[in-house]
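In: My questions concern the predicted model and sequence given below.
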Amino acid sequence: MTFHTSLPRKELFDIPKGIIYLDGNSLGPPIRGSTDCAGQVIDEEWGRELIKAWNTAGWMSLPQTVGNQIAPVIGAAPNTVATGDTLSIKLYQALAAALSLCPERKFLLSDAGNFPTDLYMAQGLINTMGQGHELRTPAPEDVLDSIDESVAVVFLTHVDYRTGRVHNIDTITRRAHEVGAVTIWDLAHSAGAVPLSVENSQTDFAVGCTYKYLNGGPGAPAFIYVRPDIVTSITPALTGWLGHKDPFAMELKYRPSESTERFRIGSPSIIQFKLLELAMKIWEDVDMKELRSSSVALSTLFIEEVEKRCPSLTLVTPRDPEQRGSQVSFASEDSYAIMQALIDRGVIGDFRQPNIMRFGIAPLYLDESDIISAAKILEEILISESWRDPQYQTVKAVT
């Protein structure tokens with residue numbers, strides 16, 4: 001397989017020598033210059049300017065700046081993406097807002113493969129409201145047929161976190177709108193991995209995190225998109241002071257901002273925002289179609305190499321590249337120990353219950369030689385059965 005692309009751009013990342021990093025779908029690696037960036041905030045901005053830095057260093061405008069950096073990556077118009085807090089909080093806000101748009105309906109529709117926290121947040125909101133709402137979770141392949149006039153909200157993760165299976169945003173959003181339901185898309189495993197256009201799809205809400213393929217760092221701020229024509233009709237369930245139209249008026253009554261900024265809550269975490277701002281500069285000249293083409297080529301190569309070398313493993317990711325995101329997952333009853341042995345050999349992926357080994361394919365810092373080397377090392381571990389070593393059997397706190 002021959003690759004003709006301007007990718008990867010490994011020089012932009014600080015990845016330890018000898019490491020093949022296949023876990024960017026869980027936590028992206030640091031951008032080169034991140035240490036200097038954080039140091040500048042601490043030493044020069046906070047250290048010298050103190051509280052003045054909210055004005056002199058532009059801290060107050062960082063959430064809007066970063067939101068507008070994220071917007072083109074997800075196919076949104078400028079000033080439609082608000083940033084801050086965590087993905088769980090942004091999903092909670094979106095769910096509450098969506099239900100307020102369909103007050104007569106009682107069903108929330110997701111799927112059985114959704115990331116657990118999304119389902120937890122929905123159930124928590126249902127319990128808090130106490131108005132008889134119910135959560136439905138059909139199998140992913142049955143979602144489209146489950147959307148009917150009884151459904152208030154369809155909320156789904158675009159790319160399945162375990163298998164990499166992709167939902168069709170356009171088809172599902174169109175069906176939801178035909179029956180009067182509101183849509184929320186979780187783009188945690190999509191943003192920076194696959195081409196997106198939330199504007200063209202007409203989805204009502206989209207949420208996501210920035211520490212995976214966007215490489216914003218652990219705990220990096222989340223984002224929320226709200227369709228511009230509905231945003232001013234919504235009062236968020238969590239009405240924080242920075243979502244106020246004039247925060248420093250210090251009014252006792254909440255007046256929401258006129259844009260998606262009304263979904264902001266509290267003060268931004270500046271060091272994390274600065275690191276994310278640095279990371280997002282990479283995307284200014286990344287062609288998402290080229291990135292997707294490289295992702296498909298690399299993931300296809302990985303599947304071919306692993307299946308050729310490791311026939312005992314079972315592919316759980318869709319073989320059709322149109323049906324998968326930018327990850328490949330294999331199953332084995334010994335997946336956890338095998339993954340620990342791989343990590344020990346410098347190939348970093350991760351494990352998800354019950355038996356899944358996940359490998360994130362990030363063309364910004366992976367190439368053909370990385371993919372082939374990773375498959376060879378995996379083969380060596382299986383042939384030698386080195387994964388049976390007792391050190392690989394103990395389950396760690398984070399898998």
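Out: Noted; the coordinates are in hand. Numbering: from 1, shown residues only.

In: tell me which strands and helices the longest strand anywhere in the chain is in contact with?
Out: Counting by DSSP state E, the longest strand found in the chain is strand 151-157. Here strand 151-157 touches helix 87-101, strand 107-109, helix 116-129, helix 169-178, strand 182-186, going by 3 or more CB pairs under 8 Å, 6 or more residues apart in numbering; DSSP states H and E. Bear in mind the C-beta positions are built from the backbone N, C-alpha and C, glycine included.

In: how distant is the fourth one from the center of its chain?
Out: For helix 169-178, the distance between its averaged C-alpha position and the chain's averaged C-alpha position is 21 Å (CA atoms, centre = their mean, to the nearest Å).

In: ok, residues contacting the longest strand of the chain?
Out: Residues outside strand 151-157 that contact it (CB atoms under 8 Å, 6 or more residues apart in numbering): 91, 94-95, 98-99, 102, 105-111, 113-115, 118, 122, 133, 136, 143, 147, 167, 172, 176, 179, 181-186, 188-189.

In: Parallel or antiparallel, which strands does that strand pair with?
Out: With DSSP bridges as the test, strand 151-157 is paired with strand 107-109 (parallel), strand 182-186 (parallel).

In: need the helices for this protein, in chain order.
Out: Secondary structure of the chain (DSSP state H): helices at 34-40, 53-56, 62-74, 87-101, 116-129, 143-146, 169-178, 198-201, 228-231, 270-280, 288-309, 335-344, 368-384.

In: Would you mark the buried spots in the second one?
Out: Buried positions in helix 53-56, judged by neighbour count with 16 or more other CB atoms under 10 Å: 53-54.

In: Then the first one?
Out: Across helix 34-40, burial judged by 16+ other CB under 10 Å covers 34, 37-38, 40.

In: Pull out the C-alpha coordinates of that helix and format them as PDB.
Out: Extracted in PDB, the C-alpha atoms of helix 34-40 (Å, rounded to 0.1, in the frame of the first residue of the first chain):
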ATOM      1  CA  SER A  34       3.200  22.900  25.400                       C
ATOM      2  CA  THR A  35       5.600  23.100  28.300                       C
ATOM      3  CA  ASP A  36       6.700  26.600  27.200                       C
ATOM      4  CA  CYS A  37       3.100  27.600  26.700                       C
ATOM      5  CA  ALA A  38       2.100  26.600  30.300                       C
ATOM      6  CA  GLY A  39       5.300  28.200  31.700                       C
ATOM      7  CA  GLN A  40       4.500  31.500  30.000                       C
END
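
In: Which strands and helices lie in contact with that helix?
Out: Looks like helix 34-40 contacts helix 270-280 (3+ CB pairs under 8 Å, 6+ apart).

In: do the same with the longest one
Out: Other elements packing on helix 288-309 under the criterion 3+ CB pairs under 8 Å, 6+ apart are strand 314-315, strand 327-331, helix 368-384.

In: Run through this protein and note the low-pLDDT ranges.
Out: 1-5 (pLDDT under 70).

In: Nearest the geometric middle of it, what residue?
Out: Compute the mean C-alpha point of the chain, and by CA atoms, centre = their mean the closest residue is Ala188, 1.6 Å away.

In: thinking again about what came up before, need the helices of the chain in a markdown table (columns: distance to Gly325).
Out: Converted to a markdown table, the helices of the chain look like this (distance: least, CB to CB, whole Å):
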| stretch | distance to Gly325 |
| --- | --- |
| helix 34-40 | 25 |
| helix 53-56 | 38 |
| helix 62-74 | 14 |
| helix 87-101 | 17 |
| helix 116-129 | 16 |
| helix 143-146 | 16 |
| helix 169-178 | 12 |
| helix 198-201 | 16 |
| helix 228-231 | 27 |
| helix 270-280 | 20 |
| helix 288-309 | 8 |
| helix 335-344 | 19 |
| helix 368-384 | 16 |
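
In: Among those helices, which comes closest to Ser259?
Out: Nearest to Ser259, of all the helices of the chain, is helix 228-231, at 6.4 Å by CB to CB.
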